[in-house]
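Peer 1: I'll drop the sequence and a predicted model, then ask my questions.
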Amino acid sequence: MGEGGDRGGLRFNLRELGGALGDFGPLHPLFLSSVRVLGLNPASIMLVMGASNILLGAYYRIPLPIEPMKALTIYALANRWDTGLMLATAFGTAILWLSLSLSGLLDRMLRFVPDDVARGIQLALAVYLLSESLKLMGASPGMALLSIAIIVMTMMPTRWRIPIPPTLPLFFIGFMMASSSLMEEEPIAVGFYTPRVHLFSIGDIWRGMLEVGFAQAFLTLSNAVLATRIAVNERFTRKIRDGQLALNMGLMNLGAAFLGCVPLCHGSGGFMAQYLYGARTGGAMVMEGVIELVSALFLSTVVTTIFSRFPLAIVGAILLPASMELGRGALRLRGWRMLIAILVAAASYLTNLGVGFLIGLAAHLTALRLKLIEPEIQGLKEGG
């Protein structure tokens, strides 16, 4: 594993702000879907996300973005879960990740996970991200091409390069387009949001975990833990451990369960988006968190209405280079390890990340038995 060169810290400037906007939580499609379909309060979601971003950014001093748990939230949307069941499942996942982290079991479990399997997971996530990017850009090809042109002009090392983070002009354009569609409508009410504590039943905890919570754990293990830790540790001298990421998610989801937020996790795709667009310190997370907290307490209705009309083509264009950056790690592999990574990516894309992860482990052990590859002495622990 290569050693990351960025030292982290806390900086507050346009570059960090541009990085924060590269994976801005309230713009996540699952955020908006949870509000519009499941009836979750947008202020509750932004409150938990904002507080989590500020605390994690200040403590770790590197970008560690958070996002809704994909499999769990999508399943809840498809089955029109009520709020109580959603929050009960968030509590169940919190207990699971806190147990694995505080017991030290997670670090021991992952000590010898092969590099080619984790790289395959990263490659699968890159394909997922690329597919989502193309789908979103299809909503408005012209806007997508304009957005890509802005990204090229602000990121490519050419004589015409404009030295600003590309997410700043892109978000300004998107914000203005979304705001203009509200000009002829009734004024949106603005008021102070008072958080309230939510309660749920033990029966809902078991139901949610059995239906989707334990399956989500495999996906979270692959993306939010393994792939995120590798992506971070390759780029920063401040190293993180798998158990730390699990602890973060456990604590975040305790807050999510009792304060009415969608279940949250880390994500390698979100990290790559923030890093690609300029985030190099925890300042990016702190700034995002402040925006989310202010929005939650004072402007939740206004912000959510605007975000629901934000041009999807711009979001897709932002994801495009992030997906390419995420998939680069698999290109470092050679021979049978490359083939295993491709197998993991294909199996993950055709089924899900959990299945791809297990197939990859089986393929790696088979290759070791047949002496097609040499064993790794310390596996992925070399990376952090």
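Peer 2: Noted; the coordinates are in hand.

Peer 1: would you map the strands across the stretch 251-384 of the chain?
Peer 2: For the stretch 251-384 of the chain, strands defined by DSSP state E, counting those that start in this stretch occupy the ranges 264-266.

Peer 1: show me where pLDDT drops low in it?
Peer 2: Counting by pLDDT under 70, the stretch 251-384 of the chain has low-confidence residues at 376-384.

Peer 1: all helices of it, in order?
Peer 2: 268-276, 283-298, 300-307, 312-327, 335-350, 353-369 (DSSP state H, counting those that start in this stretch).

Peer 1: and those helices as a markdown table, adding distance to Tyr59?
Peer 2: All C-beta spots, glycine's among them, are computed from the backbone N, C-alpha and C. Converted to a markdown table, the helices of the stretch 251-384 of the chain look like this (distance: least, CB to CB, whole Å):
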| stretch | distance to Tyr59 |
| --- | --- |
| helix 268-276 | 16 |
| helix 283-298 | 10 |
| helix 300-307 | 26 |
| helix 312-327 | 24 |
| helix 335-350 | 31 |
| helix 353-369 | 27 |
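
Peer 1: contacting residues around the residue nearest the centre of the chain?
Peer 2: Of all residues in the chain, the one closest to the mean position by CA atoms, centre = their mean is Gly267, 3.3 Å from it. If you count contacts by CB atoms under 8 Å, 6 or more residues apart in numbering, Gly267 has them with 65-67, 223-224, 228.

Peer 1: of those residues, closest to Leu343?
Peer 2: Asn223 (17.6 Å; CB to CB).

Peer 1: narrow the contacts of Gly267 to those in strands?
Peer 2: Secondary structure from DSSP state E places 66-67 of the contacts of Gly267 in strands.

Peer 1: could the contacts of Gly267 be laid out in TSV, adding distance to Leu339, pLDDT and neighbour count?
Peer 2: Conversion of the contacts of Gly267 to TSV gives the following (distance: CB to CB, whole Å; pLDDT from 0 to 100; neighbours: other CB atoms under 10 Å):
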residue	distance to Leu339	pLDDT	neighbour count
Pro65	32	91	30
Ile66	34	92	24
Glu67	31	89	23
Asn223	22	76	28
Ala224	26	85	29
Thr228	24	91	27
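
Peer 1: which residues touch Val212?
Peer 2: Contacts of Val212 by CB under 8 Å, 6+ apart are 71-72, 75-76, 89.

Peer 1: at 7 Å what do you get?
Peer 2: 71-72, 75 (CB atoms under 7 Å, 6 or more residues apart in numbering).

Peer 1: before we move on, back to that, so how far is Leu130 from the residue lying closest to the residue nearest to the centre of the chain once chain neighbours are set aside?
Peer 2: Spatial nearest neighbour of Gly267, excluding adjacent residues (CB to CB, 6 or more residues apart in numbering): Glu67 at 5.0 Å. Remark: distance between Glu67 and Leu130 (CB to CB, to the nearest Å) = 17 Å.
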